[in-house]
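> Quick one: sequence and predicted model below, then my questions.
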Amino acid sequence: MGRPADPLISPRSPRVTAARRLAKRSFRGKERRFLAEGPQAVREAVGHRADDGGATLVELFATPEAAGRHGDLLDAAAAEGVPVHLADPAVVDGISQTVTPQGLVGVCRFLDRPLAAVLAARPRLVAVLAHVRDPGNAGTVLRCADAAGADAVILTDASVDPYNPKAVRASVGSLFHLPVAIGVPVDEAVRGLAGAGVRVLAGDGGGDRDLDAELDAGAMGGPTAWIFGNEAWGLPEETRALADAVVRVPIHGSAESLNLATAAAVCLYASARAQRAPGGCRATGA
């Protein structure tokens, strides 16, 4: 079956030490490796291939108890030639960044793509995260973009690292589903998107255009990129000025505002619906 029968890996093993270091951004960047924790993330990693055809998952640590519950994942990893290490729970807990570890931690290769590669694919729906600092929010927006059928997510150079363990967990596997470009200056991202024929909208609660009005006017059916800003202060004026329009989500009730992930989901799904309507860029036969 390919299930490892080796003794428990030593907590002093260089492999364990190297995996622990990936909790820090500097080490992730140096090694171009990140951690995927829990069965859902590991399952996505096992099935993912890098652009060069190689396996994204390069190493897997599992407690004996988790190995018994998720033997199929260990078998799939071993079948791909991925080293699988059985480890004492304290060792896996020391690698994991969660409060309640699930006994499985994978070491994965970075999977981001250059902005040029994202644009060359002629994307029709893109989420751009500008100045987003909270890893949980970044991962959740990435998940929303995936669910809405977006073609890519771009994180600017002022945004959080999407390989932060909290961001990876919040994406619930979506990090492995769609192209992600990172470290892109926001003005460079906007210029590139505009050059690819994508209309760039800034999502902001103080926008002078209303999302419902844009939908009613039939203005949302073409290729679109949404820029979403910082959780606390939104988008700076210089970033708003780069967009073709600044659009607000209407508040029909008494709530003061929507949080970042909720507003992003509303905007992305509005675009997805308009693009699939008659005349939209994703309509049948388009």
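Great, that's in hand.
> can you give me the strands for the stretch 1-150 of the chain?
Secondary structure of the stretch 1-150 of the chain (DSSP state E, counting those that start in this stretch): strands at 33-37, 57-62, 84-86, 104-109, 125-129.
> Please identify the pairing partners of the last one and their relative orientation?
Strand 125-129 has its sheet partners listed here by DSSP bridges as strand 152-156 (parallel), strand 224-228 (parallel).
> The first one: how far from the chain's middle?
This means strand 152-156. Distance, stretch centre to chain centre, for strand 152-156: 8 Å (C-alpha atoms, centre = their mean, to the nearest Å).
> what mean pLDDT does it have?
Summarised as a single mean, pLDDT over strand 152-156 is 97.
> cool, and stretch 182-200?
Mean pLDDT, computed over stretch 182-200, is 97.
> hmm, back to that, just put the strands of the stretch 1-150 of the chain in a markdown table and tack on mean neighbour count and distance to Pro223.
Every C-beta, even on glycine, is put in place using the N, C-alpha and C of the backbone. Shown next, in a markdown table, are those (neighbours: other C-beta atoms under 10 Å; distance: least, C-beta to C-beta, whole Å):
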| stretch | mean neighbour count | distance to Pro223 |
| --- | --- | --- |
| strand 33-37 | 24 | 30 |
| strand 57-62 | 24 | 33 |
| strand 84-86 | 21 | 43 |
| strand 104-109 | 26 | 30 |
| strand 125-129 | 27 | 7 |
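> To Ala189, which of those strands lies closest?
Relative to Ala189, the nearest member of the strands of the stretch 1-150 of the chain by C-beta to C-beta is strand 125-129, separated by 5.7 Å.
> can you redo the strands of the stretch 1-150 of the chain as a markdown table with distance to Tyr269 and mean pLDDT?
Formatted as a markdown table, the strands of the stretch 1-150 of the chain follow (distance: least, C-beta to C-beta, whole Å; pLDDT from 0 to 100):
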| stretch | distance to Tyr269 | mean pLDDT |
| --- | --- | --- |
| strand 33-37 | 27 | 96 |
| strand 57-62 | 31 | 97 |
| strand 84-86 | 39 | 96 |
| strand 104-109 | 29 | 96 |
| strand 125-129 | 10 | 98 |
